[in-house]
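Engineer: all I have is the shape, not the residue letters:
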């Protein structure tokens, strides 16, 4: 086999390895994002926590029944906190927008509005918050 043939084989193997590495990295990032979303949802957190405690702490039925309302109340508090936090964030962003808009052209304001709407949608998806209708 000549020198060029060997290099073709080496470069082909390197390309295959690189493609596999990139695919693996993208898959890992996607799975990590999915897991973060899953664990950030208070309802999922309740289920995961109860399952984890039941298995690791070996809870009996009476303990599980006493802990469920406590964890459910915690989930409700977390959901309320998240809702309030997002409401305050929206208010802060609206005040900033009111100060920024006069400095932009009409076209720039329109593009910025689209960017903000897209960001808000992504945030709602990431936090598993249903979009407000109406």
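Structural biologist: Done, it's in. This is a predicted model, so every value here is computed, not measured.

Engineer: tell me the helix or strand right after the longest helix anywhere in the chain.
Structural biologist: Taking DSSP state H as the criterion, the chain has its longest helix at helix 61-100. Next in sequence after helix 61-100, counting helices and strands by DSSP states H and E, comes helix 106-126.

Engineer: counting contacts, what elements does that following helix pack onto?
Structural biologist: Packing partners of helix 106-126 (3 or more CB pairs under 8 Å, 6 or more residues apart in numbering; DSSP states H and E): helix 61-100. No exception for glycine: its C-beta is placed from N, CA and C like everyone else's.

Engineer: may I see the buried residues of the helix it packs on?
Structural biologist: Burial within helix 61-100, assessed by neighbour count using 16 or more other CB atoms under 10 Å, is assigned to 67, 71, 75.

Engineer: what's the local residue count around residue 14?
Structural biologist: Residues within reach of residue 14, counting by other CB atoms under 10 Å, total 10.

Engineer: how close does it get to residue 115?
Structural biologist: 39 Å (CB to CB, to the nearest Å).

Engineer: and if you look at residue 92?
Structural biologist: 17 Å.

Engineer: and if you look at residue 70?
Structural biologist: 42 Å.

Engineer: go on, residue 3?
Structural biologist: 53 Å.

Engineer: so how far is stretch 108-125 from its chain's centroid?
Structural biologist: 17 Å (CA atoms, centre = their mean, to the nearest Å).

Engineer: three-state assignment of residue 59?
Structural biologist: Recorded secondary structure, residue 59: coil (DSSP: H, G, I helix; E, B strand; the rest coil).

Engineer: got a list of what it touches?
Structural biologist: 53, 67 (CB atoms under 8 Å, 6 or more residues apart in numbering).

Engineer: and the pLDDT for it?
Structural biologist: In this model, residue 59 is scored at 90, pLDDT.

Engineer: for it, phi and psi?
Structural biologist: In terms of degrees, to the nearest 10, the main-chain angles of residue 59 are phi -70, psi 140.

Engineer: that older thread, could you dump the buried residues of helix 61-100 into a markdown table and include pLDDT?
Structural biologist: Listed next are the buried residues of helix 61-100 as a markdown table, based on pLDDT from 0 to 100:
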| residue | pLDDT |
| --- | --- |
| 67 | 91 |
| 71 | 88 |
| 75 | 84 |
